[in-house]
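> Structure of the sequence below:
(one chain, ligands or ions: 1)
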Amino acid sequence: MSKILIVEDEESIAELEKDYLELSGFEVHIETNGETGLKEALEGDYDLILLDLMLPGVDGFEICKRVRKVKNTPILLVSAKKDDIDKIRGLGLGADDYVTKPFSPSELVARVKAHLARYERLIGSAVQENEIIEIRGIKIDKTARRVYVNGEEKQFTTKEFDLLTFLAQNPNRVFTKEELFREIWDMESVGDIATVTVHIKKIREKIEFDTAKPQYIETIWGVGYRFKV
Ligand code: CA
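As a prediction, this is how the structure comes out:
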């Protein structure tokens with residue numbers, strides 16, 4: 001549920017806004033003066049702020065400016081005077097929209113919804129997609145460190161995953177066991193190049209249809225291994 005902060009000193013207006021927003025399914029919190037409004041806007045976790053311009057204490061201009069320095073939360077400024085709206089447009093305080101009193105409650109709700117939707121889209125597009133390697137039936141999600149073989153998830157240990165990923169992102173290149181051991185295991189680790197052989201065997205059991213005839217990780221006799229594409 002989206003949370004909305006209303007900063008408004010006229011209680012009847014604040015209650016009206018609250019009623020309509022709650023009817024539309026929002027969770028609403030009201031602050032009736034500039035100081036507490038600013039504090040709540042900075043410290044609270046809100047999805048949108050409905051901000052009156054003329055407030056006792058700190059005014060809406062100042063709150064908008066201060067909040068915008070640290071947060072991208074959508075801010076809708078509410079003012080009684082059309083002149084003020086013109087003025088704030090010129091100030092470039094970073095408010096997302098302006099509403100003039102008296103406003104129709106349904107218009108207010110529509111604007112709130114539009115800004116929330118726009119903000120969610122912005123956040124959504126900023127989320128990075130997982131880095132994925134797909135080779136024939138194998139899908140390696142590097143970000144989530146998961147492996148799927150023909151759509152079915154297989155469990156890999158850390159080193160098995162690292163080894164498979166290294167080979168898969170360097171396809172058709174032959175690596176010696178020594179090279180693979182240096183790449184995946186650090187120098188201090190206990191073990192030797194036989195460890196590589198053991199891990200290759202375990203990986204094959206998870207990804208190959210027939211481990212006697214590997215389709216992905218090939219053994220190049222006397223040299224090492226390569227991931228065939
Ligand atoms: Ca006011």
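> what's in contact with whichever strand or helix holds Ala114?
In this structure, Ala114 is located in helix 105-126 according to DSSP states H and E. With Cβ atoms under 8 Å, 6 or more residues apart in numbering as the test, helix 105-126 has contacts from 2, 4, 16-17, 19-21, 24, 26, 47-48, 50, 72-74, 76, 96-97, 99. Quick note: C-beta positions are derived from backbone N, CA and C, even for glycine.
> how about that helix as PDB, C-alpha atoms only?
Extracted as PDB, the C-alpha positions of helix 105-126 are listed here (Å, rounded to 0.1, in the frame of the first residue of the first chain):
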ATOM      1  CA  PRO A 105     -11.000  15.700  -4.800                       C
ATOM      2  CA  SER A 106     -11.200  13.300  -7.700                       C
ATOM      3  CA  GLU A 107      -8.700  15.300  -9.700                       C
ATOM      4  CA  LEU A 108      -6.400  15.300  -6.700                       C
ATOM      5  CA  VAL A 109      -6.600  11.500  -6.400                       C
ATOM      6  CA  ALA A 110      -6.100  11.100 -10.200                       C
ATOM      7  CA  ARG A 111      -2.900  13.200 -10.000                       C
ATOM      8  CA  VAL A 112      -1.600  11.400  -7.000                       C
ATOM      9  CA  LYS A 113      -2.100   8.100  -8.800                       C
ATOM     10  CA  ALA A 114      -0.400   9.300 -12.000                       C
ATOM     11  CA  HIS A 115       2.600  10.500 -10.100                       C
ATOM     12  CA  LEU A 116       2.900   7.300  -8.100                       C
ATOM     13  CA  ALA A 117       2.700   5.300 -11.300                       C
ATOM     14  CA  ARG A 118       5.300   7.400 -13.000                       C
ATOM     15  CA  TYR A 119       7.700   7.200 -10.100                       C
ATOM     16  CA  GLU A 120       7.300   3.400  -9.900                       C
ATOM     17  CA  ARG A 121       8.200   3.200 -13.600                       C
ATOM     18  CA  LEU A 122      11.300   5.300 -13.000                       C
ATOM     19  CA  ILE A 123      12.400   3.100 -10.100                       C
ATOM     20  CA  GLY A 124      11.600   0.000 -12.100                       C
ATOM     21  CA  SER A 125      13.700   1.000 -15.000                       C
ATOM     22  CA  ALA A 126      16.600   1.900 -12.700                       C
END
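> and it, which residues are buried?
108-109, 111-113, 115-116, 119 (16 or more other Cβ atoms under 10 Å).
> Which of those sits closest to the ion?
Among those, Leu108 lies closest to the ion (Cβ to the ion), at 15.5 Å.
> Now do the closest one against Glu40, distance only.
Distance of Leu108 to Glu40, given as Cβ to Cβ, to the nearest Å: 20 Å.
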